[in-house]
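> structure for the following, please:
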Amino acid sequence: MLSRKKFCLLINLLIIILLLPAVLGGCSSPILPGNKKETAPVTESPAGEIEIVYESDIDLSNLRDNQSLDEIFTLTDSLFRVQQVKDALESFKELTEKSKGKLTQRELEEIGNTSWEMQYLGFHNWMNSLEGTLRKQDYLIKKLELELARKQYEVGEIAEDELKQKETLFLLSKNEFQLFIDAYRIAD
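Numbers count the residues shown, from 1 in each chain. Prediction:
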């Protein structure tokens, strides 16, 4: 039989093991490959001027197999990681329920995040906020990419099929974001 102290330690260790890969995020999933395309994120210089930062400006030597940022940090992979965190939180809820009677209320409070409110309201709201942010960012990026593609098409820099591809990607992102918003609920 485990002592309460060892049981608490095991619970904390389980939480760390379950959440660490998801929290570190961006770890690419072999079943969810990313897009291969060049990116040019925009940043602000110390002087307040807008600068474009290309992947070549960022040291990617720590990434395995010469992966690009777009291969690692995709909406699909991030949503997969959000689901992993949701699953880990569900496991923690189950573990909390099973630990009742084995741990005192004080011990549960010391572990943290074990109250009904946190587990049934807080966890839900946290994950919805993360998913909503990811979907909103994807929508805004696709909108900006479409605006840029329209300007590029007007001056002959891209073909009509590339413009149509950007329109399709924007509409898909917009529809997915709208579906999320339509189903969005704050637990309180």
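
> can you count the residues close to Ser78?
21 (other Cβ atoms under 10 Å). In short, each C-beta sits where N, CA and C put it, glycine included.

> that one contacts Leu134, correct?
Yes. In this structure Ser78 lies within contact range of Leu134 using Cβ atoms under 8 Å: 5.2 Å.

> quick one, domains of this protein?
1-30+74-114, 35-68, 119-188 (automatic domain parsing).

> dump the ones you listed to JSON lines, plus mean pLDDT.
Shown next, in JSON lines, are those (pLDDT from 0 to 100):
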{"stretch": "domain 1-30+74-114", "mean pLDDT": "74"}
{"stretch": "domain 35-68", "mean pLDDT": "64"}
{"stretch": "domain 119-188", "mean pLDDT": "96"}
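
> any idea how far the spatially most central residue of the chain is from Leu140?
By Cα atoms, centre = their mean, the chain has its centre lying nearest to Ser78, at 3.7 Å. Going from Ser78 to Leu140 by Cβ to Cβ, to the nearest Å gives 15 Å.

> could you report the neighbour count for Thr114?
Quick note: Thr114 (other Cβ under 10 Å) scores 21 neighbours.

> that one should be in a strand, yeah?
No. According to DSSP: H, G, I helix; E, B strand; the rest coil, Thr114 belongs to no strand; its state is coil.

> not counting its neighbours along the chain, what's nearest it?
Nearest residue to Thr114, sequence neighbours excluded (Cβ to Cβ, 6 or more residues apart in numbering): Leu108, at 4.3 Å.

> gap between that neighbour and Asp87?
21 Å.

> which one of those two is surrounded by more residues?
More crowded of Leu108 and Asp87, by other Cβ under 10 Å: Leu108, with 18 against 12.

> what separates the top helix by length along the chain from the chain centre, distance-wise?
As assigned by DSSP state H, the longest helix anywhere in the chain is helix 123-154. Helix 123-154 sits 13 Å away from the centroid of its parent chain (Cα atoms, centre = their mean, to the nearest Å).

> report the angle between the axes of the next helix or strand after it and helix 123-154?
Downstream of helix 123-154, the first helix or strand assigned by DSSP states H and E is helix 160-183. Counting by axes from the mean of the first three to the mean of the last three Cα atoms, to 10 degrees, helix 160-183 lies at 160 degrees to helix 123-154.

> quick one: buried residues of helix 160-183?
Leu163, Lys166, Leu169, Phe170, Ser173, Lys174, Glu176, Phe177, Phe180 (16 or more other Cβ atoms under 10 Å).

> and of these, the nearest to Glu71?
Among the buried residues of helix 160-183, Leu169 lies closest to Glu71 (Cβ to Cβ), at 17.1 Å.

> skipping adjacent residues, who's closest to the closest one in space?
Closest to Leu169 by Cβ to Cβ, 6+ apart is Lys142, at 5.4 Å.

> and for the one you found, the neighbour number?
Neighbour tally, Lys142, other Cβ under 10 Å: 22.
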